[in-house]
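Chemist: Fold the following and give me the result.
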Amino acid sequence: MNAISRIPPTRGLVGIDVLLIDGRAIHLDDIATAEEGRQLLAVLDGEIARIEDQLSAADLRGADPEWRRRATTAHKRKRRIRPRLQERIGILRRAERDQAHAADTLAASSAKDGRRRAFILAAQELLSHEVVTEVWARAAEMKPDLFADGRVAGGSA
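Modeler: Sure thing, here's the model as predicted:
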């Protein structure tokens, strides 16, 4: 399961929608990845620029006051949602980075554990049973907390 899909809603963003010109409404909490958020931010920036251009052109030709009010309202809403969208992208980016770091750490530790198991198997093949048992007992003396489950003797990997 993807850890990104389990990210809780951003505090203060519950129920906030990004309304796009094509009629779609996207909830900020439904954005699943930072890349998806960046794409939406690019669309939002384009729409903001388009509204600003239309408002500038309307000033030159004297547009309908009702249209201007609606355009100004849409412009304000889009400008206000932009920082919240950026915040959501930041949260998702941090979660993705943490998930990648955790995966790298797990891969490194499992490779290290694999090398250790291979070493133990090689030692068991090369050394006598008595020497392997002695090594296990010495390891248990040095780090008793690692052998708390009682598996000291025998030399199983």
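Chemist: Just give me the residue right at the centre of this protein.
Modeler: The residue lying closest to the centre of the chain (C-alpha atoms, centre = their mean) is Glu96, at 2.2 Å.
Chemist: hey, where'd the strands end up in the protein?
Modeler: For the chain, the strands defined by DSSP state E cover 17-19, 25-27.
Chemist: Please work out which of the ones you listed is packed deepest.
Modeler: Scoring the strands of the chain by mean neighbour count under mean count of other C-beta atoms under 10 Å gives strand 17-19 as the most buried, with a mean of 18. In this view, the C-beta of every residue, glycine as well, is placed from N, C-alpha and C.
Chemist: list the helices and strands that strand packs on?
Modeler: On a contact count with 3 or more C-beta pairs under 8 Å, 6 or more residues apart in numbering; DSSP states H and E, strand 17-19 meets strand 25-27, helix 65-126.
Chemist: ok now the last one, how far from the chain's centre?
Modeler: Think helix 65-126. Offset of helix 65-126 from its chain centre (C-alpha atoms, centre = their mean, to the nearest Å): 2 Å.
Chemist: Start at 427, not 1
Modeler: From this message on, residue numbering opens at 427, which makes the last subject helix 491-552.
Chemist: Mind giving me the packing neighbours of it?
Modeler: Packing partners of helix 491-552 (3+ C-beta pairs under 8 Å, 6+ apart): strand 443-445, helix 460-487, helix 555-568.
Chemist: if we can go back for a sec, put together JSON lines for the helices and strands packed on strand 443-445, with mean pLDDT on each row.
Modeler: Conversion of the helices and strands packed on strand 443-445 to JSON lines gives the following (pLDDT from 0 to 100):
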{"stretch": "strand 451-453", "mean pLDDT": "82"}
{"stretch": "helix 491-552", "mean pLDDT": "86"}
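Chemist: Can you convert those into TSV and add a column each for distance to Leu481?
Modeler: Below are these laid out as TSV (distance: least, C-beta to C-beta, whole Å):
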stretch	distance to Leu481
strand 451-453	23
helix 491-552	6
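Chemist: Brilliant, that's me finished.
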